[in-house]
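K.L.:
Pasting the sequence and the predicted coordinates here, then a few questions.
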Amino acid sequence: MTRELVKRIKMDKRINLTEDWKFVSMMMTSNTFCLELCYEDYTIYAEKHRQEVLTALLYIKENLPRTIVNLILSPNLEVLLNFTNLPRICFFTHILECPCLFSTQYKHKLSDYIKVMRQFQEVEKEIMESEELKNKDDFTVVLQPFTEHLTFPLNRLNTTDISYLSSDCFHLSQKGYARAANALWNNIMEPVGLKSTDWSKEFDRFNCPTNESPYIRTWKNSK
């Protein structure tokens, strides 16, 4: 996918590859957790993820000058397991779309899978410290961690507020994506080391550039 992205950017006549700044957002692993984890050797998945992410980032670094990569921390899908009072149809859609976490045949490994999801988050944090990603003036990667300690909103009955979910109770609704987009924007505006690790009600807080920091926060300008 990374190679295809670079290829499309290079072919786009609207983009001046050497002069225009590019802003690339990446979030990975939800499909891995749902559809692959229970069919592969999950004990090596975290290290495999490390190599894949680092390889992708280095490829972008070498092939896309003037690029900021926005790496959104892999979500821990344990949050899905804590949903309550969902429509009955969601029992079936969860098994269909995320069998590794919801099928009864893998229930005995669920605690191990949750550990792997946490390991993925730690791996991505460690990748951010790689000197290979910090030695070029026109390239940077910033980890946006609003998904790290994600809690899902509740309704007045203190059960899962399904207005933030699409009809399959797995993907977000338009309202849910508004909340996620707001959280991501706030992360982008927050200095590295002081970024929010959860989301809040959509548009209760909307960070803006300031006179002191009128730019996207990176590890260099957050010091």
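P.N.:
Arrived safely. All figures in this text were calculated on a predicted structure; none of them were measured in a lab.
K.L.:
mind listing what's buried in stretch 150-160?
P.N.:
Residues of stretch 150-160 classed as buried by neighbour count (16 or more other C-beta atoms under 10 Å): L150, F152, P153, T160. For every residue, glycine as well, the C-beta is placed using N, CA and C.
K.L.:
can you check stretch 49-67 too?
P.N.:
For stretch 49-67, burial by neighbour count (16+ other C-beta under 10 Å) applies to H49, R50, V53, L54, A56, L57, I60, K61, N63, L64, T67.
K.L.:
could you dump the buried residues of stretch 150-160 to a markdown table with pLDDT and distance to V123?
P.N.:
Formatted as a markdown table, those follow (pLDDT from 0 to 100; distance: C-beta to C-beta, whole Å):
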| residue | pLDDT | distance to V123 |
| --- | --- | --- |
| L150 | 93 | 18 |
| F152 | 96 | 24 |
| P153 | 97 | 28 |
| T160 | 98 | 29 |
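K.L.:
As CSV, these with secondary structure would be great.
P.N.:
Listed next are the buried residues of stretch 150-160 as CSV, based on DSSP: H, G, I helix; E, B strand; the rest coil:
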residue, secondary structure
L150, coil
F152, coil
P153, coil
T160, strand
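K.L.:
Got the phi and psi for T140?
P.N.:
Reported as degrees, to the nearest 10, the phi and psi values for T140 are phi -150, psi 160.
K.L.:
count of residues packed around the closest residue to it other than its chain neighbours?
P.N.:
Among residues not flanking T140 along the chain, T218 sits closest, at 4.8 Å (C-beta to C-beta, 6 or more residues apart in numbering). By the criterion of other C-beta atoms under 10 Å, T218 has 16 neighbours.
K.L.:
Distance-wise, check T218 relative to M189.
P.N.:
Counting by C-beta to C-beta, to the nearest Å, the gap from T218 to M189 is 12 Å.
K.L.:
before we move on, what about L37?
P.N.:
Applying C-beta to C-beta to L37 and M189 gives a distance of 33 Å.
K.L.:
In which helix or strand does E4 reside?
P.N.:
Element membership for E4, per DSSP states H and E: helix 2-11.
K.L.:
chain center to that helix, what's the gap?
P.N.:
In terms of C-alpha atoms, centre = their mean, to the nearest Å, the centre of helix 2-11 is set 21 Å apart from its chain centre.
K.L.:
Equivalent analysis for stretch 132-145, please.
P.N.:
16 Å.
K.L.:
For that stretch, which outside residues touch it?
P.N.:
Residues from elsewhere that reach stretch 132-145, judged by C-beta atoms under 8 Å, 6 or more residues apart in numbering: 54, 57-58, 60-61, 64-73, 124-125, 127-128, 184, 187-188, 192, 195-197, 216-220.
K.L.:
just the strands in this structure please.
P.N.:
Along the chain, counting by DSSP state E, strands occupy 22-26, 67-72, 139-144.
K.L.:
out of the ones you listed, which comes closest to K7?
P.N.:
Checking the strands of the chain against K7 by C-beta to C-beta gives strand 22-26 as the closest, at 13.4 Å.
K.L.:
Send over the closest one as CSV, restricted to the C-alpha atoms.
P.N.:
Only the C-alpha atoms of strand 22-26 are listed here, as CSV (Å, rounded to 0.1, in the frame of the first residue of the first chain):
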residue,chain,number,x,y,z
LYS,A,22,2.8,16.4,1.7
PHE,A,23,0.8,15.4,4.7
VAL,A,24,0.3,11.6,5.0
SER,A,25,-1.9,10.1,7.7
MET,A,26,-1.6,6.4,8.5
